[in-house]
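*Asks:* got a predicted structure here, sequence first:
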Amino acid sequence: MCGIVGYIGPREAYPIVVKGLERLEYRGYDSAGIVLYDGKNAQLCKTKGKVADLKAKAENENITKGNIGLGHTRWATHGVPNDVNAHPHYSNSGDLVIIHNGIIENYGSIKTALEKRGYTFQSDTDTEVLVNLIEYIKNKEEVKLGKAVQIALNQVIGAYAIAVFDRTKPDEIVAAKLGSPLAIGIGEDEFFIASDASPFIEFTNNAIYLEDEQMAIIKLGRDVKIREIKNDKPVAPFVHELQLNLEQIEKNGYDHFMLKEIHEQPEAIKDTYRGRLRINEGIIKMAGIEDNLEKILKAKRIIIVACGTSWHAGLVAEYIFEDLVRIPVEVEYASEFRYRNPVITSEDVVIAISQSGETADTLAAIKLAKQHGAFVFGVCNVVGSSIARESHAGAYTHAGPEIGVASTKAFTTQITVLTLIALKLAQSKGMISKTDFHKYLAEMEAIPAKVEESLKVDDHIKYISSVYKDSPNFLYLGRGYNFPVALEGALKLKEISYIHAEGYPAAEMKHGPIALIDEQMPVVVIATKKGHYEKVVSNIQEIKSRKGKIIGIVTKGDTEVKSMADYVIEVPETIEGLTPLLTTIPLQLLSYHIAVMRGCNVDQPRNLAKSVTVE
Ligand code: M6R
């Protein structure tokens, strides 16, 4: 969590760093800060609140000048969000200043040791301890900043992406990474540092992504030197050519990133299957699967590890894989899997699903699976992310940047790619007839247009939202492939509107939750024609007879549920395995509109951050 930005070069750093922080605000937004060096003085400004608050304060205090700048937007781990705990942090002498994304786990013992040597601390943060450790080493060993950072990082346990500046030697920034992402933009005589490439996309297409346990010494007007932190060996930098463009990271007329990303789904799904789904040849082309086909098909078991929305996509995949490929699947919360001594063997294939590719628990689950000899296949959106790099093979979702904290297009594109994998395996294993395979491919190709159609009933969904926006509770029910969609619908509502919501398999109602039903309780029921329709209709009757309010997600033209429900939202017909790609859309819109109507900050819901890089 947290976003960091740095600039060193001939331009004014302030607008670059502040704009960069705005773009990284999805990573944390409880406090923000900036430090600028103008050739003589370093000036610091930090505040509780969002980047907009920082901007107002910095401009009011005239802290806007300098060619070297570091900025930070925070998601608090150590210490409450306030002005003092906000980054950047100075060392005791005031010479060094640091920004940090991550957690220093052994900061307590380091702090005690430093206090014994006379160091004092203003904040409750682990970061202030780190900058003082660097200073202590720099003075004691009489070494340059880069060497002091290297020695210090070999003493800390935890995760970090840091940038450090020394005002007594103001021609360099030292950056380092372990477990948290860090990109370095390479311009002409100028360099950028950021948690992802979005802060510098309009300035350069060239970026170095630091690997774990690497540090960079970035010299003003000169070059970037990369070294390994453990053994201080130089590393030849690999410069990536970025595929990002400005349009992808701006709202483009939408009120919120979430709404933009909901509407991007038809294109995002197409991007996911483009080049892979080849109807005319009757094949699915996926190099990551083809290169490892034998290993995957021989798997005794597939274990899916993920968190949050990606875990829900994993649950959908469980249905698809067991249905089509007939390999047993277990879907695990990465956070539980990593700590419960799971039975993993070299005959298991582990699929790790993550939009960001940086989720700490998922990353740890992968490492554990690898230690036990399992083959790890990553499904990520962010190219070059830690999970993508840590996996033996993988497939990207190609959804484009997802900035809204609530995952939308990540979910549908994950389901798309997982379906393609299942179909590819089913075909290779001879588990699916040519006709059914072709039917699936044709239907998959038709999905973007059907998502588009599902988006058109937005006004109707808005109206339903206005009816139920003040309900304190919601239930979401679904069966089969649509049970995970019910979970996802409930998660979307609670995370952005702060309404309590639960997702349940519809038939589980009578084992407890039905006691909650009264005339105040809106129940969103996914009741599409394909997928246990009659059973779900019976569940709707049970709710109705207890006076619950029904919002049905139904197949276009349905009359039966319509006659029982308070409201229905129609989606086009498709084959059962692909219904989640359509039934998800109205649930995303419902949560979006309710959150907006309740005055919630949709893109930056309280207490959350986009990528959860702490455990
Ligand atoms: O980047 P990841 O897919 O690994 O993230 C997993 C979850 O943190 C994420 O899906 C989270 O639950 C979203 N806020 C849900 O909208």
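*Replies:* Perfect, thanks for sending it.
*Asks:* and A32, its phi and psi?
*Replies:* The phi/psi pair for A32 (degrees, to the nearest 10) reads phi -150, psi 160.
*Asks:* ok, Y319 touching Y481?
*Replies:* Yes. Contact between Y319 and Y481 holds when scored by CB atoms under 8 Å: they sit 5.0 Å apart. Just so you know, the C-beta spots here come from the backbone N, C-alpha and C atoms, and that holds for glycine as well.
*Asks:* now the common contact residues for those two.
*Replies:* Jointly contacting Y319 and Y481 under the rule CB atoms under 8 Å, 6 or more residues apart in numbering are G577.
*Asks:* the two: which is more packed in?
*Replies:* The neighbour count for Y319 versus Y481, taken as other CB atoms under 10 Å, is higher for Y481 (27 against 20).
*Asks:* how about that one, phi and psi?
*Replies:* Backbone torsions of Y481, given as degrees, to the nearest 10, read phi -60, psi -20.
*Asks:* interface residues of the protein facing the ligand?
*Replies:* Applying CB under 6 Å from any ligand atom, one finds that the chain approaches the ligand through 307-310, 354-356, 359, 362, 405-407, 491, 495, 611-612.
*Asks:* number of nearby residues for the residue of the stretch 201-350 of the chain found nearest the ligand?
*Replies:* Closest residue of the stretch 201-350 of the chain to the ligand, CB to the nearest ligand atom: G308 (1.9 Å). Residues lying near G308 (other CB under 10 Å) number 23.
*Asks:* likewise K298?
*Replies:* Neighbour count of K298, defined by other CB under 10 Å: 11.
*Asks:* let the chain start at 312 from now.
*Replies:* Yep, numbering from 312; the last one is K609 now.
*Asks:* and it, how far is that from G380?
*Replies:* 54 Å (CB to CB, to the nearest Å).
*Asks:* the stretch 312-461 of the chain: strands as residue ranges?
*Replies:* Here the stretch 312-461 of the chain has its strands, by DSSP state E, counting those that start in this stretch, at 314-319, 342-348, 353-359, 379-385, 400-401, 407-415.
*Asks:* a markdown table for the ones you listed, including distance to L731?
*Replies:* A markdown table is the format used below for the strands of the stretch 312-461 of the chain (distance: least, CB to CB, whole Å):
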| stretch | distance to L731 |
| --- | --- |
| strand 314-319 | 32 |
| strand 342-348 | 40 |
| strand 353-359 | 45 |
| strand 379-385 | 36 |
| strand 400-401 | 46 |
| strand 407-415 | 33 |
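*Asks:* least trustworthy helix or strand in this protein by mean pLDDT?
*Replies:* Ranked by mean pLDDT, DSSP states H and E, the weakest helix or strand in the chain is helix 844-855, scoring a mean of 89.
*Asks:* if we go by neighbour counts, what in that one is buried?
*Replies:* The neighbour-count check on helix 844-855 (16 or more other CB atoms under 10 Å) flags 844, 847-848, 850-851, 854-855 as buried.
*Asks:* closest one to the ligand out of those, please.
*Replies:* Closest to the ligand, out of all of these and judged by CB to the nearest ligand atom, is V847, at 25.1 Å.
*Asks:* so that closest one is in contact with I837, correct?
*Replies:* Yes. The criterion here is CB under 8 Å, and V847 meets it with I837 at 7.5 Å.
*Asks:* mutual contacts of the two, please.
*Replies:* Between them, V847 and I837 share the contacting residues 788-790, judged by CB under 8 Å, 6+ apart.
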